[in-house]
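# Structure for the following, please:
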Amino acid sequence: MISPEFQKVQRNLTALVEFSRNINTRLDLRFTLNNLLLSCFGKFHTTRGFAALFEEGALQVAESKGLKPSFIAEFPHITDLVKQKDLLESYCSEYSITLMESIESSQKYLGIVGLGSKMNKQPYAEDEIEFFRTVINIAAAAIQNSVMISELRTVNKNLDSRINRLSSLFELSKEFGVLQEEDRIAKALLYSILGNFLTSQYAVIYYQNNQSKIIGSTIAKTALQKIFSHYTISMFQHPMEREELIQLIPELKDLPFEILIPMMHQETPKGVLLLGKKGNKEPYSEDDVEFISSIGGIALISLENKRLFTEALEKQRMEEELEIAKDIQRNLLPRVTPPMGSVAIEATSISSKQIGGDYYDIIRMEEDNYVVAIGDVSGKGVPAALLMANLQAFLKSVCKRNLPIEEATGVLNDLVSENTSDGRFITFFWCYLDSSTNILTYVNAGHNPPMLIRDGAIQYLDKGGIIFGVMKTLMPYESETIKLQKGDVLVFFTDGVSEAKNEADEEYSEERLEALVKRNAAISAKEMVSVILDDVHRFVRGATQSDDITLVVMKYE
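I've put the predicted structure just below:
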């Protein structure tokens, strides 16, 4: 006859085998824990219990039955079952949890299982406690496997998500690569973000030369432009959630944006994305921010390429126009120097990289009378070149009136003043030469005084009056008449000669020019021009020419 004790052992073994078979049919953590608790409830006639597992270094209730919600909500932060055993037992006793055993696998604590008191109020017997431990040991392997499977599923899910996002980024990069229009780039950027996160509120702010520009928004662009016009792009170095964003930009408090993400180019912010809540109402994760940043970076490359392409086209167009303007300007200068009796004349003008305002002219008035002029318009570029062209037209017009040179100079100044704005002015020197008598009469209107070299001495031709363009003529200009002598040399120049700089930022200077022309007074006018240019080039030693160089040399031979 089979004893009751043997029958009890047999029932326990049958229950354990059935339990092991059940939990190993599915590698599902919740199913395993649920079966563990229900098996214990049926065996010990209890109605409450829980299973807690270590997650992120602390115990978290993974499954519970018959316990109030507050049990899970107020569960203590347990990181060490051994050291914090008293804390755990004290808390669980408040909920009538009278039996607890740890879940261990490979000498590793996985968690703990707790059961409430039995319905008959009797304490748990030794054999019941042993059965409880056995059930937990059987479940431990299934729990560990379920946890590993769950973690692997999470990893695989994240990996799949990253692969999908990388694939999306690859496709987006190809799409953005062919877009040139700013609005199409903005739309592609927004559609890709909306498709992934289903947000209904957005704004894209792009910065050019530190000036904000709204290129896409669900909020009125004028309102956002007014806000962001007060903030520089350097302020947005990292993503900001709503609280931090509002602290930085209080004006966004009443707008539905949850996060700001900078669009980076070579580790430098060039724009920002403002996004509202996700369609699922969940907060933006680090992976979300990384993905959005990547999309923004790809879009930003397209925007920058578009900007650079536009700038390159504009630069090319400007260079072509400047080349045309240079050719026109060169054609305004005399192509040949006419014979002037006993006075030889040589002139040259070397422009810097930009078109400028240097000017010289040689005009034949009558058979033996000539006008020689040199001028320098303030500034560079097209405005200076246009003013120089006007000056030439004024000069030719005034010369036809055969006025005395001081009176003609006043007329020239009045014409220039009437047609000059933005504070521009012209320094100007000119002279009448009667080649039959070799008498020269000049007026200097604020120009670098030309040098008259005679018998080893230098006289500066500085008689005249104010520069052109400052105001109309109130005081008449003064003139001076000189009877040229054989061997006299006249050197007219612009400040591109005297102010030419070398790499040490030192100026060539009028003193150096004075010494040079005195040493070479015996050579011809043509040779003098070459000597001066060579000396200037030796001095600057390859430094960039920053201003036009214009020289006119006359010699009475």
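# and stretch 226-233, how far apart are its ends?
End-to-end distance of stretch 226-233 (C-alpha to C-alpha, to the nearest Å): 15 Å.
# Run through who's touching that stretch.
205, 207, 210-212, 214, 248-249, 251-252, 269-272 (C-beta atoms under 8 Å, 6 or more residues apart in numbering). To be clear about C-beta, it is placed using only N, CA and C from the backbone, and glycine gets the same treatment.
# What about those residues, which are in helices?
Here DSSP state H is the test, and these give L248 as lying in helices.
# now the contacts of stretch 226-233: which count as buried?
Neighbour counting by 16 or more other C-beta atoms under 10 Å classes 205, 207, 212, 214, 249, 252, 269-272 among the contacts of stretch 226-233 as buried.
# Sort out which one of the residues you listed lies nearest Q225 for me.
Of all these, Q225 sits closest to I214, with 5.3 Å by C-beta to C-beta.
# what sits against the closest one?
203-205, 221, 224-225, 228.
# and which of the residues you listed is nearest A384?
Q225 (36.2 Å).
# Which pLDDT value goes with the nearest residue in space to the closest one that is not next to it in sequence?
In this structure, Q225 finds its nearest non-sequential neighbour in I214, 5.3 Å apart by C-beta to C-beta, 6 or more residues apart in numbering. Looking at I214, its pLDDT is 83.
# so I214 bridges to which residues?
I205 (DSSP bridges).
# just to revisit the earlier point, could I get the buried ones among the contacts of stretch 226-233 as a markdown table with distance to P404?
Output for the buried ones among the contacts of stretch 226-233, formatted as a markdown table (distance: C-beta to C-beta, whole Å):
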| residue | distance to P404 |
| --- | --- |
| I205 | 66 |
| Y207 | 61 |
| S212 | 61 |
| I214 | 64 |
| I249 | 70 |
| L252 | 73 |
| P269 | 67 |
| K270 | 64 |
| G271 | 66 |
| V272 | 69 |
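# Among the residues you listed, which pair sits farthest apart?
Checked with C-beta to C-beta, the buried ones among the contacts of stretch 226-233 reach their widest spread between L252 and K270, with 20.0 Å between them.
# Just give me the neighbour total for Y460.
13 (other C-beta atoms under 10 Å).
# Checking my notes, L551 in a strand, right?
Yes: judged by DSSP: H, G, I helix; E, B strand; the rest coil, L551 forms part of a strand.
# Roughly how far does it sit from S234?
49 Å (C-beta to C-beta, to the nearest Å).
# Equivalent analysis for F75, please.
46 Å.
# just for the stretch 51-200 of the chain, where's the confidence low?
107, 151, 153-183, 185-186, 188, 195 (pLDDT under 70).
# all helices for it, in order.
Here the stretch 51-200 of the chain has its helices, by DSSP state H, counting those that start in this stretch, at 69-73, 85-93, 126-177, 182-197.
# So for this structure, the centremost residue is which one?
K270 (4.4 Å; C-alpha atoms, centre = their mean).
# which residues does it contact?
206-207, 233, 263-264, 300, 303-304.
# at 7 Å instead, please
Contacts for K270 (C-beta atoms under 7 Å, 6 or more residues apart in numbering) come out as 207, 233, 263, 300, 304.
# do the same with T98
Counting by C-beta under 7 Å, 6+ apart, T98 has contacts 116-117.
# neighbour-wise, which of F75 and S234 wins?
Set F75 next to S234 and count neighbours by other C-beta under 10 Å: F75 wins out with 18 against 10.
# just to revisit the earlier point, among the contacts of K270, which ones are in helices?
300, 304.
# Most widely separated two among the contacts of K270?
Going by C-beta to C-beta, the pair spanning the contacts of K270 furthest: I233 and E304, at 13.1 Å.
# Of those two, which one has the most company?
Applying other C-beta under 10 Å to I233 and E304 shows that I233 carries more neighbours, namely 21 against 17.
# Residue ranges in the stretch 201-350 of the chain under the pLDDT threshold?
Residues of the stretch 201-350 of the chain that meet the cut-off, pLDDT under 70, sit at 321, 325, 328-329.
# hmm, try it at 80
Within the stretch 201-350 of the chain, the segments meeting pLDDT under 80 span 208-210, 215-216, 265-266, 291-313, 318-333, 335-339.
# Please enumerate the strands of it.
202-208, 211-217, 240-241, 259-265, 268-275, 343-350 (DSSP state E, counting those that start in this stretch).
# and the fifth one, how far out from the chain's middle?
By that I understand strand 268-275. On the basis of C-alpha atoms, centre = their mean, to the nearest Å, strand 268-275 is displaced by 11 Å from the centre of the chain it belongs to.
# do the second one as well
The gap between the average C-alpha position of strand 211-217 and the chain average comes to 14 Å, counting by C-alpha atoms, centre = their mean.
# With just CA atoms, put that strand into PDB.
Below are the C-alpha coordinates for strand 211-217, written out as PDB (Å, rounded to 0.1, in the frame of the first residue of the first chain):
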ATOM      1  CA  GLN A 211      21.200  86.300 -40.600                       C
ATOM      2  CA  SER A 212      18.200  84.000 -39.900                       C
ATOM      3  CA  LYS A 213      15.900  83.000 -42.700                       C
ATOM      4  CA  ILE A 214      12.700  80.900 -42.300                       C
ATOM      5  CA  ILE A 215      12.600  78.400 -45.200                       C
ATOM      6  CA  GLY A 216       9.700  76.300 -43.900                       C
ATOM      7  CA  SER A 217       7.200  76.600 -41.000                       C
END
